[in-house]
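> build me a structure from this.
(2 chains)
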Amino acid sequence: MNKVTTIKAVIAEDEPILSLTLQRMLVKLWPELDLCSIVENGIEAVQAALREWPDVLFLDIKMPGKTGLEVVQELAEEWPSEQPFPMIVYVTAYDEFAVQAFETCAADYVLKPVSEERLNKTVRRLQEHFQARTKTQNDKQKPDTELDRVIAQLRQLHQIQLPNSPQSDSPATEKLSVIRAAIGNNIRIIPIEDVIYFEATDKYINVVTAEHSSLIRSSLRDLLPQLDNNLFWQIHRSTIVNIKQVQIAHKDDTGKITLKLKHSEDKLSVSRVYAHLFKQM
Amino acid sequence: MRVVQQMRNQWQQLYQALPDCLLKNIVSEIPSLLIINLFCTILVTYVMRNGSSLFENWVFSNAIGSCCYLLIRTSSYFLWRSAPPNMFVFYLLCILLAPIGYIIGSALGALIFSFPINKVLHFQSSFISAFVAMTSLVSVIAAWSFWKKIQIAELISTAEKEKARTASIERQAMQAQLQLLQAQIEPHMLFNTLANLQGLIAIDPERAQHMLAQLIVYLRATLSSSRAENICLKQEFTLIQAYLDLLAIRMGKRLRYTLHLPSELEQEKIPPMLLQPLVENAIKHGLEPKVEGGTISISASKQHDQLVLVVSDTGLGLAFNFQENTVVDTDHPHVGNANIRERLLALFGEQAKFSLQPNNPEGAVATITLPVLA
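Modelled structure (predicted):
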């Protein structure tokens, strides 16, 4: 029986020099660490994590495709519940606010350029955590605790609103009052109150009202700051719902929440990260 | 004399409203004209007692008053339009036109009542002393209202000056703030570059040396250009080249760039911090977040005596619901598009243009058109 299972790590960093530097430093400080996958953007980071089920994730915040935070959010939704959620180490450039944000919610982070001393501290902390985990493995400890911790961190980080995150709600953004969707040669004008929900696909967003659905070319990331966030809630990484159109939030036995809508037969699922929005008052 | 008195009346009315559109002003002044004519009627009938009936005097008063008024008003309009009239010339005009108006008016009155004209004129001249007294009274009133008018005009002019001064101070503050921003180099850019440099020293020392050299060029160019009022295109392009070189090291194959500056335009001057922010924005919003990256092209050309600077990229393109005038720049303190537009307007007015359009098939094109600086 294998007593020591290799600790696996995935590194996601878009700048090749910094990625290589981090790899070299980790090899030096933690030679037993298995760097099973090195990726350069957020999309590949999610794929690699779901494929390899690593124990540690080194995530750059600012990456093309998806940001570090978006990667964690997606993983929080997709992660199989039997597997322990990976330890997340955020890698960030000089940014006072980011640093403060991470410290407040007890997320682990490393500043770029990475200093060996600082990385060493993180490595020691991780090693301690895994040693402790191996000991209690027999107790069948709930793997959910790490996931819960990460979800709590995510919520806190979203509230603090990192200045470089795309969801920064600058008060200067004008809120949309209508959506303009192209249908052939026509433009359909949709008053914002008529929208029941927005659902994101690859490059488009589906705007669903009681009468019809239309497509607009945008991402939720660009759309969200332009919506009134008292009316429109993000409930899933690809769904924003008009909360006034929601009739019931149903929680099933596994804890999963589904929304029933007033003027539509569609059912919307709420991801774990946003489940707290539907708690009783 | 009644002539003089009528003249003053018209003069007073003229200064109750600044002459703008002639007809509109005449119509708005008719009530005052009628009132003053009525006033004169009453004076003549009950104070001076010229013996005629109230009605007769009223008709004459209006006839004479209206003639004088119309004559003086239309001629002053043709002489000065909406500009304030020269007081001396205006006086002269009144003195010259009033007798004519008076005679025509009296004749008109006579016609209405079928009186013989010369008898009417003769009749009116016998009341000279009373007329003189009335004239003096009216003159004093007119002079007083004129004086008030001048005061009001002066107050308005002082207020305008204050407004202009405040606007100019605000503009100066904006310039000073801009200069302060210009002297700063974005920390993100700097630390990211240094991080790469540090890593590169261990991996590939020669490339690290080259990168350090480029960083020095970039820093030197940025700091010196922020102090100058104008920089030549050659310097700006050198700065941008160094900047893109540094970024290319960081982004690897995700960034390709081309720069095009014809040799005859190398010495052309442009204001600092105009082109570089556009390049930064193209990278930050267009190329950096795009997974495959892309190409950025910067070019300068001369069209119809104007400098045309174009920054185009094949990145993510403009955001949904993009409006040219309001770009949300979440990364303070750096020069946003609205800022560029403001500066161009302040420096060149209508002669400079800035536009941001989607590129074909993807990405964005930013164009600045400037007059050629001497």
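> make it CA atoms for all contacts and neighbour counts henceforth
OK.
> what about whatever residue of the stretch 51-200 of chain B ends up closest to chain A, how many neighbours?
Nearest residue of the stretch 51-200 of chain B to chain A: B:Ala195, at 4.2 Å (CA to the nearest CA). By the other CA atoms under 10 Å in any protein chain shown criterion, the neighbourhood of B:Ala195 contains 22 residues.
> assess the claim that it and A:Ser115 are in contact.
No: in terms of CA atoms under 8 Å, B:Ala195 does not count as a neighbour of A:Ser115; the distance is 9.9 Å.
> all helices for the stretch 151-300 of chain B, in order.
Shown for the stretch 151-300 of chain B, the helices assigned by DSSP state H, counting those that start in this stretch span residues B:187-203, B:205-227, B:233-251, B:275-281.
> closest to A:His276 out of the ones you listed?
Nearest to A:His276 among these is helix B:187-203 (34.2 Å), distances taken as CA to CA.
> phi first, then psi, for the closest residue to chain B within the stretch 101-250 of chain A.
Going by CA to the nearest CA, chain B is nearest to A:Pro113 of the stretch 101-250 of chain A, at 4.2 Å. The phi and psi values for A:Pro113, taken as degrees, to the nearest 10, are phi -70, psi 140.
> what about the stretch 1-150 of chain A, any weak spots by pLDDT?
Screening the stretch 1-150 of chain A residue by residue with the criterion pLDDT under 70, one finds the ranges A:1-4, A:94, A:96-97, A:137-144.
> got the residue ranges for the helices in it?
If you assign secondary structure with DSSP H, counting those that start in this stretch, the helices in the stretch 1-150 of chain A sit at A:16-29, A:42-52, A:68-78, A:96-104, A:116-136, A:144-160.
> report the buried residues of the second one.
In this case it means helix A:42-52. Within helix A:42-52, the residues that count as buried by 16 or more other CA atoms under 10 Å in any protein chain shown are A:42-46, A:48-49.
> just put the residues you listed in CSV and tack on distance to chain B.
Written out in CSV, the entries for those read as follows (distance: CA to the nearest CA, whole Å):
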residue, distance to chain B
A:Gly42, 9
A:Ile43, 9
A:Glu44, 10
A:Ala45, 12
A:Val46, 14
A:Ala48, 16
A:Ala49, 18
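> just those now: which is nearest A:Glu78?
Distances from the buried residues of helix A:42-52 to A:Glu78 were compared by CA to CA; the smallest belongs to A:Val46, at 9.5 Å.
> got a list of what that closest one touches?
A:Val46 sits next to A:71, A:74-75 when contact means CA atoms under 8 Å, 6 or more residues apart in numbering or on different chains.
> now swap in A:Asp252 and tell me
No residues are in contact with A:Asp252 under the rule CA under 8 Å, 6+ apart.
> by contact count, what packs against the longest strand anywhere in chain B?
Longest strand in chain B by number of residues (criterion: DSSP state E): strand B:294-303. Contacts defined by 3 or more CA pairs under 8 Å, 6 or more residues apart in numbering or on different chains; DSSP states H and E place strand B:294-303 against strand B:255-260, strand B:306-313.
> got the domain boundaries for chain A?
Using automatic domain parsing, the domain ranges for chain A come out as A:8-160, A:178-278.
> who wins for proximity to B:Ile249 among these?
That would be domain A:8-160 among the domains of chain A, by CA to CA, at 8.2 Å.
> nearest to B:Arg207, of the domains of chain A?
If you check each of the domains of chain A against B:Arg207 by CA to CA, domain A:8-160 wins as the nearest, at 11.4 Å.
> tell me, how many residues neighbour A:Tyr204?
The number of residues packed around A:Tyr204, counting by other CA under 10 Å, is 15.
> mind pulling the model confidence for it?
According to the model's per-residue confidence, A:Tyr204 sits at a pLDDT of 87.
> tell me how far the residue nearest to it when sequence neighbours are not counted lies from B:Gly317.
Distance criterion CA to CA, 6 or more residues apart in numbering or on different chains; nearest residue to A:Tyr204, sequence neighbours excluded, is A:Arg217 at 4.6 Å. Look at A:Arg217 and B:Gly317: by CA to CA, to the nearest Å, they are 11 Å apart.
> do the same with A:Ser81
Per CA to CA, A:Ser81 is found 39 Å from B:Gly317.
> and what of B:Arg227?
According to CA to CA, B:Arg227 and B:Gly317 sit 33 Å apart.
> which of these two has more residues huddled nearby?
Neighbours per residue, other CA under 10 Å: of B:Arg227 and B:Gly317, the larger number sits with B:Gly317, 22 against 14.
> so what's the residue count around the spatially closest residue to that one that is not a sequence neighbour?
Nearest residue to B:Gly317 in three dimensions, chain neighbours excluded: B:Gly363, at 3.7 Å (CA to CA, 6+ apart). Here the number of neighbours of B:Gly363 (other CA under 10 Å) works out to 22.
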